[in-house]
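> Please find the sequence and the predicted model below.
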Amino acid sequence: MMHIETYRGDRVSLRHLFALADDSESRISAYIGLGDILVARDGDGILGHLQFVETGNAGVFELKSMAVDTKHQRGGIGSRLVAAAVARCRSRGGRRLIVSTATADIGNLGFYQRQGFRMYRIVQDAFRPETGYPEQILIDGVPLRDQVFLEFRL
C-alpha cells in the first residue's frame, strides 16, 4: 500500500528521480541538499519524490523537484505528493507554493494546472549552457528555452 512520508535518508539515493525532473546535473547538485523531501513509498520501494524549500519570502515555499518513477506515472502518485506538500506548507504558515517548469513541457504544465496552480511569470531563455543545461534539448519536439512559474494559493 502506497503512502507519503518525509524522507530522512541519503539524498544521493534519490538522484535518479531528481534526474527525471531536471536535465542539469550541476543544478541538481546545487539544490539536492535543500529543504524537505517527501517520498511516495510502497513497502521498501520509493515510487516518487517531491522536494520543497522555503524561498526567503515570508509564507512562500517552492516546489523545487518532483518526479515519479516512469513505471508508476499516471496513477495519482504525483497528485498525492502535491497534496501532501500543500498540507505541510499550510501547517508552516505558507501562503503560496510556487513551481517552475519548461514552457516546452506541456505534460508538466497540464499536471500543475490540474492541481490548481496558476501561471504568473515567464523567463525567456532560462535553459542555456550558461545556466547548466545542454544545448538543443527537445521536449516532445519543442526546444527547451523558456521557464514558466506557477503558483498555488495556500
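Sure thing, it's come through.
> Could you look up the SS state of residue 86?
In the three-state summary, residue 86 is assigned as helix, counting by DSSP: H, G, I helix; E, B strand; the rest coil.
> Report how many residues lie close to it.
Applying other Cβ atoms under 10 Å, we find 19 residues neighbouring residue 86. Placement of C-beta: from N, CA and C, glycine included.
> The one 5 residues further on now?
A count of neighbours around residue 91, defined by other Cβ under 10 Å, yields 9.
> in the protein, which spans are strands?
Assigned by DSSP state E, the chain shows strands spanning 2-6, 36-42, 45-54, 60-68, 96-102, 118-123, 138-139, 142-143, 147-153.
> what ranges of this structure fall below the confidence cut-off?
Of all residues in the chain, none has pLDDT under 70.
> please redo it, this time with the cut-off set to 80
Scanning the chain for pLDDT under 80 picks out the ranges 134.
> With respect to burial, which of the strands of the chain scores highest?
When you average the neighbours per residue for each of the strands of the chain (mean count of other Cβ atoms under 10 Å), strand 60-68 leads with a mean of 23.
> Turn the strands of the chain into TSV, columns for distance to residue 83.
Shown next, in TSV, are the strands of the chain (distance: least, Cβ to Cβ, whole Å):
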stretch	distance to residue 83
strand 2-6	8
strand 36-42	10
strand 45-54	10
strand 60-68	12
strand 96-102	11
strand 118-123	17
strand 138-139	26
strand 142-143	29
strand 147-153	11
